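Enquirer: Next input, structure requested:
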Amino acid sequence: KVAATPREIAEHATCISVMVRDDAQVRAVVDGILAGAAAGAVVLVHSTVHPDTIAELVALAAPRGVHVLDAPVSGGAPGAQQGRLAIMVGGDVAAFEACRDALERMGDLVVHLGPAGAGTAAKLARNLMHFAAFTAAMEASTLAEAAGIDLATLGRIVRHTDAVTGGPGAIMHRDTVAALAPDDPWRPILQHVRELGEKDLTLALELAARLDVDTPMARLALARLAIGLGLAEEHG
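Expert: Numbering: from 1, shown residues only. Take a look at the predicted model:
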């Protein structure tokens, strides 16, 4: 059913999903929802917004007995079409459970991460990696193009191997980023990753220098890889 206004939606629904573009649109829609929402209603903010916006909306809704949960999503248009989004939720646990069935119709990975704002923090961390990887992909493409490599074919290779290995997420199994203890079972695995990574990044940088291609992401990756893997003494 189609409603004419957010208020009309709130007059007929108890779990209300908001998925619009930015903070201003989220505030405008939630204002309309609160005008018609009954106590006990749950507003799920799926947009990626500033953490302060979530805190403001929680405080605005609380006197009305309405819960606001931040529930940003990852998976893009394909994930939405297939009902395979990852949904990262922060806020009241009981309110989350009341809307779990609705969320699981949209996503096949629905996770409650903590208090209000936790879902947004997780989404921002996830997208930091996403867009930093895009930047690295463009740097790698510049190097490949300078070396005479067909970029469409390289893209096929990257997508194929990431689907097999899991891409950057393949190393995200530890529950901390603290430096590894000498007897940590992850040490030999991540030491192997470090050795391969530093070798290949060094070779890539040498090729880039030969072809006069600037690769700042690669230089930073070489400098930071051991620290990121928990293998450098200066890692704190």
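Enquirer: contacts and neighbour counts: CA atoms only from here.
Expert: OK.
Enquirer: what's the top strand by length along the chain packed up against?
Expert: Counting by DSSP state E, the longest strand found in the chain is strand 107-114. In terms of contacts (3 or more Cα pairs under 8 Å, 6 or more residues apart in numbering; DSSP states H and E), strand 107-114 is packed against strand 85-90, helix 93-106.
Enquirer: What are the buried residues along it?
Expert: Buried residues in strand 107-114, counted by 16 or more other Cα atoms under 10 Å: 107, 110-113.
Enquirer: again, but for stretch 210-219
Expert: 213, 215, 217-218.
Enquirer: can you list the residues that contact it?
Expert: Defining contact as Cα atoms under 8 Å, 6 or more residues apart in numbering, one finds that stretch 210-219 is touched by 135-136, 139, 142-143, 146-147, 201, 204-205, 208.
Enquirer: Which members of these are the farthest-apart pair?
Expert: 135 and 147 (18.7 Å; Cα to Cα).
Enquirer: so what does the one helix or strand residue 133 maps to touch, helix or strand wise?
Expert: Residue 133 belongs to helix 118-146 when assigned by DSSP states H and E. For helix 118-146, the packing partners by 3+ Cα pairs under 8 Å, 6+ apart come out as strand 67-70, strand 85-90, helix 151-165, helix 186-211, helix 216-228.
Enquirer: measure the closest residue to residue 57 other than its chain neighbours to residue 102 for me?
Expert: Nearest non-adjacent residue to residue 57, counting by Cα to Cα, 6 or more residues apart in numbering: residue 68, 6.7 Å away. From residue 68 across to residue 102, the span is 15 Å (Cα to Cα, to the nearest Å).
Enquirer: So which of these two has more stuff around it?
Expert: Shown here are residue 68 and residue 102; by other Cα atoms under 10 Å, residue 68 has more neighbours (28 against 13).
Enquirer: which residues touch the one helix or strand in the chain whose mean pLDDT sits lowest?
Expert: In the chain, no helix or strand scores lower on mean pLDDT, DSSP states H and E than helix 76-82, which sits at a mean of 93. The contact list for helix 76-82 (Cα under 8 Å, 6+ apart) reads 84-85, 106-107.
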